[in-house]
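Engineer: sequence below, structure please.
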Amino acid sequence: MKNAMAVIIAGSFAVASLASAEVNSNKIYNLRLYGLAEQFEWKESINDREVVKESGPLFGVGGELGLRVVNPLWIEGRGELFLGEVDYNGAIQTSAGHLIPYKSTTKYVGAKVDSDIAFKLPIARNFYLKPYAGLGVRAWQRTLDSNFSDTDPGRYGYVENWLTTYGIIGCGGGIAVCKNGELFGRIEGRLPIYNSITADFTNQDGPSDVKIEPGKRPSVYAETGINVTPITVSIFVETLAFSESPLDNKYQTVIQPDSKATMLGVKLGLVF
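Structural biologist: Numbers count the residues shown, from 1 in each chain. Coordinates of the predicted model:
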């Protein structure tokens, strides 16, 4: 009976707190700075047969800034830097297009930036929705048969410089849980505009200017977390997807197989 009464009392305080919480509609900006850690997985397939799998942790830092133009219109921007070393299990593609079974490590270094126009719509005193649309770009260097103690790739290694640009359409939302606390979330679809790879095979006595255009496939991003000023913490999932490319534009010997990535991670930082 005492335990039941304690639960009822605690629940009553939680309901009262939620009822008294209110979204701060007077803010003219939102600023969030954080570090991140994610479990990264990359797969490549040819004719539905997996030929490459990479997995391991990536780490980074990032920030978000939102500026209110006029209610309910906001302009938002986000940026992240990331790096890491992951396990490689599969095959190395030579400049002649041959696949050599191999286990090693792969080094990643990259960045992404996106911006959008959002409409922050109050649905209730303590709840809002935020549909948005924008553009984004992600660029990274993928060095196969390499780790952070190496200055050059290993015997079978080479360097890929990736670039993808995409349109964004999504919806976020938030619910105030106390005076300075908010549960938040967002989910977005990303529609590719342009994908490219420049591969450097000079480590294998091959060309340094192999240009490939992976096919376009949509991807998704979702995040949920809590801001209790000045602390922010969240979890997220992100995907990347590319269909098999045609042969490279110049040498007609190299393709990028059907490729996809999944990233599951956490962010921790400060919010203002």
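Engineer: ok, what's across the strand from residue 118?
Structural biologist: Beta-bridge pairing for residue 118 (DSSP bridges): residue 74, residue 132.
Engineer: need the contact list for it.
Structural biologist: Residue 118 makes contact with 66, 73, 74, 75, 76, 130, 131, 132, 172, according to Cβ atoms under 8 Å, 6 or more residues apart in numbering. Glycine gets a C-beta too; all of them are placed from N, C-alpha and C.
Engineer: let's see that with 10 Å instead.
Structural biologist: With contacts defined as Cβ atoms under 10 Å, 6 or more residues apart in numbering, residue 118 is in contact with 66, 68-69, 72-76, 130-134, 170-172, 186.
Engineer: weed out the non-buried ones from these.
Structural biologist: Neighbour-count burial (16 or more other Cβ atoms under 10 Å) applied to the contacts of residue 118 gives 66, 68, 74, 76, 130, 132, 134, 170, 172, 186.
Engineer: of these, which belong to strands?
Structural biologist: Residues from the buried ones among the contacts of residue 118 lying in strands, with DSSP state E as the criterion: 66, 68, 74, 76, 130, 132, 134, 170, 172, 186.
Engineer: grab the nearest non-local neighbour of the last one.
Structural biologist: Spelled out, that is residue 186. For residue 186, ignoring the flanking residues on the chain, the nearest one in space by Cβ to Cβ, 6 or more residues apart in numbering is residue 172 at 3.4 Å.
Engineer: the one you found contacts residue 120, doesn't it?
Structural biologist: Yes: the criterion here is Cβ atoms under 10 Å, and residue 172 meets it with residue 120 at 8.7 Å.
Engineer: still on that earlier bit, for the ones in strands among the buried ones among the contacts of residue 118, which one is nearest residue 86?
Structural biologist: residue 186 (26.7 Å; Cβ to Cβ).
Engineer: hang on, the closest one packs against residue 223?
Structural biologist: Yes: counting by Cβ under 10 Å, residue 186 does reach residue 223; the two are 5.6 Å apart.
Engineer: list the residues that contact both of the two?
Structural biologist: With Cβ under 10 Å, 6+ apart as the test, residue 186 and residue 223 both reach 172, 234, 236.
Engineer: would you reformat these as CSV and include pLDDT and distance to residue 266?
Structural biologist: CSV is the format used below for the shared contacts of residue 186 and residue 223 (pLDDT from 0 to 100; distance: Cβ to Cβ, whole Å):
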residue, pLDDT, distance to residue 266
172, 98, 18
234, 98, 7
236, 98, 8
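Engineer: of the residues you listed, closest to residue 194?
Structural biologist: Nearest to residue 194 among those, with distances taken as Cβ to Cβ, is residue 236, at 24.4 Å.
Engineer: need the shared contacts of residue 186 and residue 223 in CSV with distance to residue 191, can you?
Structural biologist: As requested, those are exported to CSV (distance: Cβ to Cβ, whole Å):
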residue, distance to residue 191
172, 18
234, 24
236, 19
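Engineer: can you pull the pLDDT of residue 8?
Structural biologist: For residue 8, the pLDDT comes out at 33.
Engineer: right, I mislabeled it, should have said residue 156
Structural biologist: pLDDT at residue 156 comes out at 82.
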